[in-house]
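Participant: Using only what follows, build the 3D model:
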Amino acid sequence: FKPVGSLDRLAMISLPRSRMIAATASRAAAAHLAHSARSLSGPSSEAMKSVWEAGRKARESGRLLAALPIEDRNKALERVAQSLESSTEAIQKANAIDCEKAAKPDAGVAPALQARLKFGGSKLRDTIQGVRDLQRLEDPINQVQLHRQLDDGLTMKRVTVPLGVLGIIFEARPDAAVQIAGLSIKSGNGVLLKCGREAVESCKAIVEAIKEGLKGSKASPDVVALLTSREETAEMMKLKQYVDLIIPRGSNEFVQYVMKNTEIPVLGHADGVCHVFIDKEADLDKAVEIATDAKIQYPSACNAVETLLVDRDVASKLLPAFADRAKKEGIELRVCGESSGVLGGGYAAATEEDWATEYCDKILSVKVVGGVGEAMAHINAYGSRHTDCIVTENEATARHFQSQVDAAGVYWNCSTRFADGFRYGFGAEVGISTSMMPPRGPVGLEGLVTYRYMMSGNGHVVHTYAGDNAKPFKHKDLPK
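Facilitator: Numbers count the residues shown, from 1 in each chain. Now for the predicted structure:
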């Protein structure tokens, strides 16, 4: 079974399992033996024993966490928030070390990555508040999705349960460590965190604070563990008996590498190429504000706009106004030939590569198009199915755009920067999925659970419902 979605931002692949592909007894036995051999394999070296031990502890403590009532999991989150607050100074000192190293010329860390790395002040406070916001959300597990009576005394329920243990490989963003740990605790999952090398000191301080907070709760500190090296990442990818889902956040190349080198299901986090299209019936003042916010509010974010598309009928008015604003905001424009003609030259020419580039910086490619149809064709050809926006006062045009653009988020008259788990009211997110397979868009708590069928009977056997005198099922839906 291999459902394949877009790899442009998040794509899910469930790799083959022996019990799912065996067609004959001999093939089933061979597959079972192969699976068992993999499951019984051990650390690749003495140095990697700690990774396997972390996986084992996360599995065991995760099961206990899942059994805790929601009140206890929420209390654990509050303990984590309090511990992070009391550790603010230590976290900021550790972050300063990371930022200082990253700022050195020989470190080779791009300015956009350095911006993501900074973690303190309001950013730290907001992240801690996000942990508290999770407490107010509904319990994602133990929710009855289906309750059905099959026959008298024979009932079935479909109930949400945690995935188990998550292996999250994320970029140099310390706030991601807090968000992912919080989501995991709330949803009853254990988690192995692997941060970018630039954020190691910050994440060590963060995870230490999280563990300290969990010590004062009914949840074990072992539900969260931090990995810091590439070797440990490679080892985690072998932990099929402990890790249930790996979520790598990074380039398409990295996501593909992980998918090809693990038998664990992968939810991959890759590029974000977002668009804003200015329709001929747009309010141009509104359009300038939306496009500016979508670019500069946080240029290195995956939901920042990378390409501005402008209807030819309003290009002569919109482009000069936006170019003036872009100059004030320090945005570099890379323009098509027609845009250059309107603006009178002086701008870098956009290339074919620009249309498919996620700059993560204050750079924006600009193209004039012949209406909404050409805009949609461009987006569907070059976009990453992340988030795209139309600015127009024509509702019919907007609804047409929203129905035809193939993206996880399709907006009307609002910034692409709203594509975020916190802003959606999810508390936080582990990534943004562009796969047609769920979860899609910002992946919060609902993307970290699966379900289990629970059957209750009183000596019922299938024989009663088979054969010439089979008893019919009632199949009556009951209150959840």
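Participant: Regarding the protein, what is its longest helix?
Facilitator: helix 49-67 (DSSP state H).
Participant: Neighbours of residue 353, how many?
Facilitator: For residue 353, the count of nearby residues is 9 (other C-beta atoms under 10 Å). Bear in mind the C-beta positions are built from the backbone N, C-alpha and C, glycine included.
Participant: List phi and psi for it.
Facilitator: Backbone torsions for residue 353, taken as degrees, to the nearest 10, come to phi -70, psi -40.
Participant: hang on, the earlier thing: what residues of the longest helix of the chain count as buried?
Facilitator: Along helix 49-67, these residues count as buried under the neighbour rule (16 or more other C-beta atoms under 10 Å): 51-52, 54-62, 65-66.
Participant: And stretch 190-205, by the same measure?
Facilitator: For stretch 190-205, a neighbour-count test (16+ other C-beta under 10 Å) marks 190-196, 198-205 as buried.
Participant: which two in these are spaced the farthest apart?
Facilitator: Using C-beta to C-beta, the buried residues of stretch 190-205 reach their maximum pairwise distance at 190 and 198, which is 25.4 Å.
Participant: give me the element residue 234 is part of.
Facilitator: Taking DSSP states H and E as the definition, one finds residue 234 inside helix 230-236.
Participant: Go ahead and name everything in contact with that helix.
Facilitator: 43-44, 47-48, 51-52, 55, 167, 169, 192, 194, 227, 243, 246, 261 (C-beta atoms under 8 Å, 6 or more residues apart in numbering).
Participant: if we go to 7 Å?
Facilitator: With contact meaning C-beta atoms under 7 Å, 6 or more residues apart in numbering, helix 230-236 is reached by 43, 44, 48, 51, 167, 169, 192, 194, 227, 243.
Participant: Number of residues surrounding residue 390?
Facilitator: Using other C-beta under 10 Å, residue 390 has 28 other residues around it.
Participant: which residues touch it?
Facilitator: Taking C-beta under 7 Å, 6+ apart, we find residue 390 in contact with 277, 279, 398, 401, 412.
Participant: Just give me the closest of those to residue 141.
Facilitator: Closest to residue 141, out of all of the contacts of residue 390 and judged by C-beta to C-beta, is residue 412, at 34.4 Å.
Participant: Checking the nearest residue to that closest one once chain neighbours are set aside next. Helix, strand or coil?
Facilitator: In space, and not counting its chain neighbours, residue 412 is closest to residue 398: 4.2 Å by C-beta to C-beta, 6 or more residues apart in numbering. Classification of residue 398 using DSSP: H, G, I helix; E, B strand; the rest coil returns helix.
Participant: Distance check, residue 398 against residue 376.
Facilitator: 12 Å (C-beta to C-beta, to the nearest Å).
Participant: try residue 304
Facilitator: Distance of residue 304 to residue 376, given as C-beta to C-beta: 21 Å.
Participant: among the buried residues of stretch 190-205, which are in helices?
Facilitator: Of the buried residues of stretch 190-205, the ones assigned to helices by DSSP H are 200, 201, 202, 203, 204, 205.
Participant: Residue 304 and residue 376: which is more packed in?
Facilitator: residue 304 (28 against 23).
Participant: The more buried one and residue 292 touch, don't they?
Facilitator: No. With contact defined as C-beta atoms under 7 Å, residue 304 does not reach residue 292; the gap is 11.2 Å.
Participant: Hmm, residue 265 and residue 245 touching each other?
Facilitator: Yes. If you go by C-beta under 7 Å, residue 245 and residue 265 touch, sitting 5.3 Å apart.
Participant: Which one's more surrounded, these two?
Facilitator: More neighbours surround residue 245 than the other of residue 245 and residue 265, with 21 against 18 (other C-beta under 10 Å).
Participant: which residues pair with that one across the strands?
Facilitator: Legend: beta-bridge partners of residue 245 under DSSP bridges are residue 166.
Participant: center of the protein, which residue is that?
Facilitator: By C-alpha atoms, centre = their mean, the chain has its centre lying nearest to residue 431, at 1.2 Å.
Participant: just to revisit the earlier point, same list (the contacts of residue 390) but as a markdown table, adding pLDDT.
Facilitator: Shown next, in a markdown table, are these (pLDDT from 0 to 100):
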| residue | pLDDT |
| --- | --- |
| 277 | 98 |
| 279 | 98 |
| 398 | 98 |
| 401 | 98 |
| 412 | 98 |
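Participant: Can you tell me which of those are classed as buried?
Facilitator: Applying 16+ other C-beta under 10 Å to these flags 277, 279, 398, 401 as buried.
Participant: Assign the first one to helix, strand or coil.
Facilitator: Under three-state DSSP, residue 277 falls in the strand class.
Participant: Would you mind measuring from it to residue 397?
Facilitator: From residue 277 across to residue 397, the span is 10 Å (C-beta to C-beta).
Participant: next one: residue 192
Facilitator: As judged by C-beta to C-beta, residue 192 and residue 397 stand 47 Å apart.
Participant: Residue 237 too?
Facilitator: According to C-beta to C-beta, residue 237 and residue 397 sit 46 Å apart.
Participant: ok, residue 393 - contacts?
Facilitator: Residue 393 touches 281, 282, 283, counting by C-beta under 7 Å, 6+ apart.
Participant: So it lies in a helix, does it not?
Facilitator: No. Going by three-state DSSP, the assignment for residue 393 is coil, not a helix.
Participant: Pull the contacting residues for residue 323.
Facilitator: By C-beta under 7 Å, 6+ apart, the contact set of residue 323 is 333, 343.
Participant: pLDDT below threshold where in this protein?
Facilitator: Confidence mapping of the chain against pLDDT under 70 gives the ranges 1-41, 268-270.
Participant: could you pull out the strands for the stretch 151-300 of the chain?
Facilitator: For the stretch 151-300 of the chain, the strands defined by DSSP state E, counting those that start in this stretch occupy 154-162, 165-169, 190-194, 224-227, 245-248, 266-269, 274-278.
Participant: Could you check how far residue 187 is from residue 134?
Facilitator: 9 Å.
Participant: my bad, residue 346
Facilitator: For residue 346 relative to residue 134 (C-beta to C-beta), the value is 49 Å.
Participant: Would you mind telling me which of those two has the busier surroundings?
Facilitator: Here residue 346 and residue 134 are compared on neighbour count by other C-beta under 10 Å; more neighbours surround residue 134, at 25 against 9.
Participant: SS state for that one?
Facilitator: helix.
Participant: tell me the contacts of it?
Facilitator: Applying C-beta under 7 Å, 6+ apart, the residues contacting residue 134 are 77, 182, 186, 427, 428.
Participant: Pick the one among those residues closest to residue 257.
Facilitator: Nearest to residue 257 among the contacts of residue 134, with distances taken as C-beta to C-beta, is residue 428, at 26.1 Å.
Participant: Am I right that that closest one is in a helix?
Facilitator: No. According to three-state DSSP, the state of residue 428 is coil, so it is not within a helix.
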